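# Turn this into a model:
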Amino acid sequence: MSPCVIENKNLASIKRQGDYRSLTTPATVACKPLKIFGAHSLEMNLERKLPARSIATVRNCLVSGQSAALFTRGWLHRATHWAVLPEVSLGNAAGNYAEFFGRHRSGWTFNVNPTLNPQRQVKRGVLIGSRYSFNHFHFVCDTLIRALIADEAAPDTRTWPLVITEGSYQQSQFIRTLFPEREIIVLTSNELILFNELLVPVASSFSPDDPNSARLAVYDVPYIKDLQIRLMGSNPGQVPDPTNILFVKRKFYQAPNGEIARTILNQDEVISFLDGFGAIAISPEEMSFSDQRELFHSANTVVAMAGAALANAVFCRPGTNIIIICQDRNVFPEYFCLMLEELGLRVSVVASKGVQGSSHHPSHLSVIVDIADLRDALNWCNIG
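Now for the predicted structure:
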């Protein structure tokens with residue numbers, strides 16, 4: 001069969017194939033200036049514009065399991081790719097899309113399945129997964145919030161299956177906690193599924209692949225508190241055994257080219273120092289949902305490198321200290337602070353020297369933590 005030639009359109013322009021509705025969205029979100037320890041040249045963007053929330057229904061919609069790309073078929077081997085967000089428009093060569101699409105003289109082709117033939121057909125679904133869902137922070141602050149938006153904006157679809165991309169076992173536990181009775185459809189990375197009717201909620205988020213636009217990245221902060229209540233329950237109870245300090249370890253991944261990116265190179269030294277304060281070092285990705293929830297809820301202080309693990313702060317009690325370790329330049333720790341302040345947490349930053357050559361990406365350098373700066377941060381948290 002001949003491959004389908006694909007044109008790219010924004011989901012907001014869908015008409016014959018479905019319905020689209022914009023939802024009320026606050027204009028901006030903001031956080032306060034951060035307390036920073038260590039020399040740095042961080043350029044903060046404390047107030048960020050929120051993109052419009054929306055909800056759409058797409059009929060006869062094909063969904064790619066790899067990145068939740070959406071298609072509808074037309075006549076004579078033609079098809080449309082519906083860009084849910086501007087940054088996933090094909091012309092932008094979005095990071096998790098680019099290798100799966102090829103250029104055609106009059107559009108695009110989908111290299112993984114050029115004829116766009118589905119492996120199975122499903123009657124209905126609510127698509128909450130996205131190309132970012134593999135990342136735990138995006139899963140918590142975007143995927144789960146999409147589910148809340150769908151329930152609120154389209155209550156008649158609350159019995160429809162939730163559709164997610166492949167993720168960790170812990171992610172499935174998060175969803176089961178929020179929606180214990182809902183059917184969940186997991187898209188495997190190599191499949192294309194045809195939905196007779198698909199609801200597509202879109203949260204107020206912007207996650208650009210372009211590092212030059214990273215200072216504009218944002219997520220739907222106004223829903224964070226509601227998400228916390230749903231995950232913890234309105235009355236999570238007393239903390240039976242408070243933990244003084246929780247340190248989130250970073251795994252060491254060495255790329256074939258020798259790079260060891262986005263980690264703390266003197267992590268053993270940091271752990272040894274924090275051990276003197278009774279700290280517990282953990283790897284959340286190796287823990288169950290219930291264990292993560294209990295440990296983060298019991299912590300008085302959490303020390304973690306800027307990254308996905310900070311999403312677990314959704315379990316923390318108001319007033320908990322969060323110490324973020326990050327590079328001393330080319331990064332934006334206030335991105336995480338938007339969520340942390342919304343939860344009533346007390347945030348500080350230890351700006352650490354990036355190690356040149358640890359990554360080709362200027363924002364993904366590994367760091368070496370100055371223990372004196374970390375000690376100052378602990379003192380600011382009234383520890384030591």
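# for the residue most central in space within the chain, helix, strand, or coil?
In the chain, the C-alpha nearest the mean C-alpha coordinate belongs to residue 138, at 0.7 Å (CA atoms, centre = their mean). Of the three states, residue 138 takes helix according to DSSP: H, G, I helix; E, B strand; the rest coil.
# So it is in contact with residue 129, correct?
No. When contacts are counted by CB atoms under 8 Å, residue 138 is not listed as touching residue 129 (10.3 Å). All C-beta spots, glycine's among them, are computed from the backbone N, C-alpha and C.
# Phi, psi for the residue nearest to the residue nearest to the centre of the chain when sequence neighbours are not counted please.
Distances taken as CB to CB, 6 or more residues apart in numbering place residue 132 nearest to residue 138, at 3.7 Å, with adjacent residues excluded. Here is the backbone geometry of residue 132 (degrees, to the nearest 10): phi -100, psi -10.
# measure residue 132 to residue 249 for me?
23 Å (CB to CB, to the nearest Å).
# Likewise for residue 79?
Applying CB to CB, one obtains 45 Å for the distance of residue 79 from residue 249.
# how far does the one helix or strand in the chain whose mean pLDDT sits lowest sit from the chain's center?
Counting by mean pLDDT, DSSP states H and E, the chain has its least confident helix or strand at strand 101-104, which shows a mean of 86. Offset of strand 101-104 from its chain centre (CA atoms, centre = their mean, to the nearest Å): 28 Å.
# Buried ones in that strand, by neighbour count?
Neighbour-count burial for strand 101-104, counted by 16 or more other CB atoms under 10 Å, picks out residue 101.
# ok, and what's touching the helix or strand following it?
Once the chain leaves strand 101-104, the next helix or strand it forms, by DSSP states H and E, is strand 107-110. Residues from elsewhere that reach strand 107-110, judged by CB atoms under 8 Å, 6 or more residues apart in numbering: 3-8, 64, 69, 71, 81, 90, 100-103, 116.
# which residues in the stretch 151-300 of the chain form helices?
169-178, 224-232, 267-275, 289-298 (DSSP state H, counting those that start in this stretch).
# and the ones you listed as TSV, adding mean pLDDT and mean neighbour count?
Compiled in TSV, those are given as follows (pLDDT from 0 to 100; neighbours: other CB atoms under 10 Å):
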stretch	mean pLDDT	mean neighbour count
helix 169-178	90	17
helix 224-232	95	17
helix 267-275	97	17
helix 289-298	92	18
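# Stretch 8-25: end-to-end distance?
When the termini of stretch 8-25 are compared using CA to CA, to the nearest Å, they are 26 Å apart.
# Off-centre distance for it?
On CA atoms, centre = their mean, the centre of stretch 8-25 falls 23 Å from the chain's centre.
# what's the answer for stretch 147-156, then?
With CA atoms, centre = their mean, you get 20 Å for stretch 147-156.
# That one: which residues count as buried?
Applying 16+ other CB under 10 Å to stretch 147-156 flags 147, 148, 149, 150, 151, 153, 154 as buried.
# Just give the nearest non-adjacent residue to the fifth one, would you?
Spatial nearest neighbour of residue 151, excluding adjacent residues (CB to CB, 6+ apart): residue 158 at 5.7 Å.
# what packs against whichever helix or strand residue 63 is part of?
Here residue 63, judged by DSSP H and E, is contained in strand 53-64. If you count contacts as 3 or more CB pairs under 8 Å, 6 or more residues apart in numbering; DSSP states H and E, strand 53-64 packs onto strand 18-23, strand 70-73, helix 144-153, strand 192-202.
# how about residue 43, secondary structure?
Quick answer, by three-state DSSP: residue 43 is coil.
# quick one: the closest residue to it other than its chain neighbours and residue 46, what's the gap?
Among residues not flanking residue 43 along the chain, residue 215 sits closest, at 7.3 Å (CB to CB, 6+ apart). Distance, residue 215 to residue 46, by CB to CB: 10 Å.
# How is the chain divided into domains?
5-31+53-224, 236-380 (automatic domain parsing).
# Now do the longest one: distance to the chain's middle.
Pointing back at domain 5-31+53-224 there. So, by CA atoms, centre = their mean, the centroid of domain 5-31+53-224 is 13 Å from its chain's centroid.
# now the last one
Between the centre of domain 236-380 and the centre of its host chain there is 16 Å, according to CA atoms, centre = their mean.
# ok, what's across the strand from residue 325?
On the basis of DSSP bridges, residue 325 is bridged to residue 305, residue 350.
# residue contacts, it?
Contacts of residue 325 by CB under 8 Å, 6+ apart are 264, 303, 304, 305, 306, 349, 350, 352, 367, 369, 374.
# just to revisit the earlier point, give the other helices and strands that the least confident helix or strand of the chain contacts.
strand 5-10, strand 107-110.
# Mean neighbour count and distance to residue 271 added to those, as JSON lines?
Below are the helices and strands packed on strand 101-104 laid out as JSON lines (neighbours: other CB atoms under 10 Å; distance: least, CB to CB, whole Å):
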{"stretch": "strand 5-10", "mean neighbour count": "17", "distance to residue 271": "48"}
{"stretch": "strand 107-110", "mean neighbour count": "20", "distance to residue 271": "46"}
